[in-house]
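Colleague: have a look at this prediction, sequence included:
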Amino acid sequence: MKTLRLLTAAVCLCVLGLLPLSASAAELVLWHSYRAEEKAAMDKLVAQYNAANAAKGVKVTALAVPYDAFADKITATVPRGKGPDLFIFAQDRLGGWIEAGNTIEPIDFFVDDALKKRFIPTTLDAMTYRGTVYGLPLNYKVTTLIYNKKLVPTPPKTSGEMVQIAKKITDKGAGKFGLAYAYGDFYYHAAVMNGFGGGVFDAKFTPTMNSPQNVKSIELLLKWIDKDGILPAEPSTALVTSLFNEGKTGMVISGPWFLGEIAKGISYGLAPLPTLDEAGGKPMRPWMTVEGVYVTAPSQNKEAAFDFAKFLTDDASAKVLALEGRQSPGNAQVYTDAEVAKDPLLKAFRDQVDTAVPMPNAPEMSMVWSPATSAMNSMLKKTATPKAGLDTAQKAIAKDIAGLRKK
């Protein structure tokens, strides 16, 4: 915060005309984990920014870090002042890094109302922790309904329609299922859970795993498996991909990462997840992960770093990320661009965001995954009822959070 006070004083001097307002010469380092077309789009934007700011002596160097090692590398290097000036990562680690200290710089001072209006509101929510903004939303990922047009000419709008369509496709003897997704993975189940109005925390981050709404969501999942018989047993992501590519499932629930796995020759479409008849017509609400651009707390060039973060999230950069990087930008205006608007895949994910829920970014979220996974396994294998399974998860999460808060 001392650094931020110094920046505030410097900006005041700029306003008085005692210091230049433009960013001074700076060598900035950006870390990201992009590959292939995502990396190419980012490299293009870095080159554009460097060309435009060469006269100021500002240069950005981008470094692609392997994703599996990325989070640990941030945790180990940035607080010691050994890391980059900026990095790009999803919001799920945000709260933990903030609580650890000296990792991410709060940027409320720089973010005015005009800049806030640049973004889809929920993407900015994902960058906000305990009322303070810590990053600018670059892009988001969300699950939606992906369907085989040959088997499903018209995608369902309600859960009732989805079950009807799925039953007509399902032929267990032939290994065919109307619907397939990794429903044992709590991340994927969240769309149903949130659709019932459930969730994992209340406003104070007290766990709510065994809420009546969460219980109802599991009961509906079990109905789809047992009574309706439209889902394969114990589906892995690999099995879901195989079924879709072999024409043995009509619909899957997945995100943009699935599209690259679809075999050539499969005619597919994307549609919003259906509303839930069992929840009074409320929509399924998948979790949304948002990759933000963060300025690191130890950076000696925060003003220049923030300027680059703004550049990455402006309208022109968002168009490059969308059309060339095949990403879904957090920038709201880019979806009105003619080229972006006519892209059916970008449009589908943008439509789904209207009902998506930002995944909690509090450090308490790290306490959820293991108990939730164990609960899903026990409930699906019928060794625990939905209520009992979620009660067990509730106790485990509450205990772990209590331990976390004592540290």
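Modeller: Ah, there it is. Source: prediction; values computed, not measured.

Colleague: spatially central residue in this structure, please.
Modeller: Thr289 (1.0 Å; C-alpha atoms, centre = their mean).

Colleague: shouldn't it be in contact with Ala90?
Modeller: Yes. If you go by C-beta atoms under 8 Å, Thr289 and Ala90 touch, sitting 4.6 Å apart. No exception for glycine: its C-beta is placed from N, CA and C like everyone else's.

Colleague: helices and strands around the helix or strand containing the residue nearest to the centre of the chain, which ones?
Modeller: Under the criterion of DSSP states H and E, Thr289 resides in strand 287-295. If contacts are counted by 3 or more C-beta pairs under 8 Å, 6 or more residues apart in numbering; DSSP states H and E, strand 287-295 sits against strand 86-90, helix 121-126, strand 136-142, helix 186-195, helix 302-312, strand 357-358.

Colleague: switch to 6 Å and redo it
Modeller: strand 86-90, strand 136-142, helix 302-312 (3 or more C-beta pairs under 6 Å, 6 or more residues apart in numbering; DSSP states H and E).

Colleague: and that strand, average pLDDT?
Modeller: Strand 287-295 shows a mean pLDDT of 98.

Colleague: pull up the pairing partners for that strand, direction included.
Modeller: Strand 287-295 has the following strand partners under DSSP bridges: strand 86-90 (antiparallel), strand 136-142 (antiparallel), strand 357-358 (parallel).

Colleague: give me whichever of those strands is most buried.
Modeller: Highest mean neighbour count of those: strand 136-142, a mean of 26 (counted as mean count of other C-beta atoms under 10 Å).

Colleague: after it, next one along is what?
Modeller: Toward the C-terminus from strand 136-142 - assigned by DSSP H and E - lies strand 144-148.

Colleague: can you tell me which of the helices and strands packed on strand 287-295 is nearest to Arg35?
Modeller: Taking C-beta to C-beta, strand 86-90 is the member of the helices and strands packed on strand 287-295 nearest to Arg35, at 12.9 Å.

Colleague: how about the closest residue to Asn194 other than its chain neighbours, secondary structure?
Modeller: Computed as C-beta to C-beta, 6 or more residues apart in numbering, the closest residue to Asn194 that is not its neighbour in sequence is Arg285, at 3.7 Å. Following DSSP: H, G, I helix; E, B strand; the rest coil, Arg285 is assigned to coil.

Colleague: then Lys204?
Modeller: coil.

Colleague: measure it to Leu94 for me?
Modeller: Distance of Lys204 to Leu94, computed by C-beta to C-beta, to the nearest Å: 18 Å.

Colleague: these two: who's more crowded?
Modeller: Taking other C-beta atoms under 10 Å, Lys204 and Leu94 do not tie; Leu94 has more neighbours (26 against 5).

Colleague: on that earlier part again, can you lay out the helices and strands packed on strand 287-295 as JSON lines showing distance to Pro256 and mean pLDDT?
Modeller: Compiled in JSON lines, the helices and strands packed on strand 287-295 are given as follows (distance: least, C-beta to C-beta, whole Å; pLDDT from 0 to 100):
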{"stretch": "strand 86-90", "distance to Pro256": "13", "mean pLDDT": "98"}
{"stretch": "strand 136-142", "distance to Pro256": "6", "mean pLDDT": "98"}
{"stretch": "helix 302-312", "distance to Pro256": "19", "mean pLDDT": "97"}
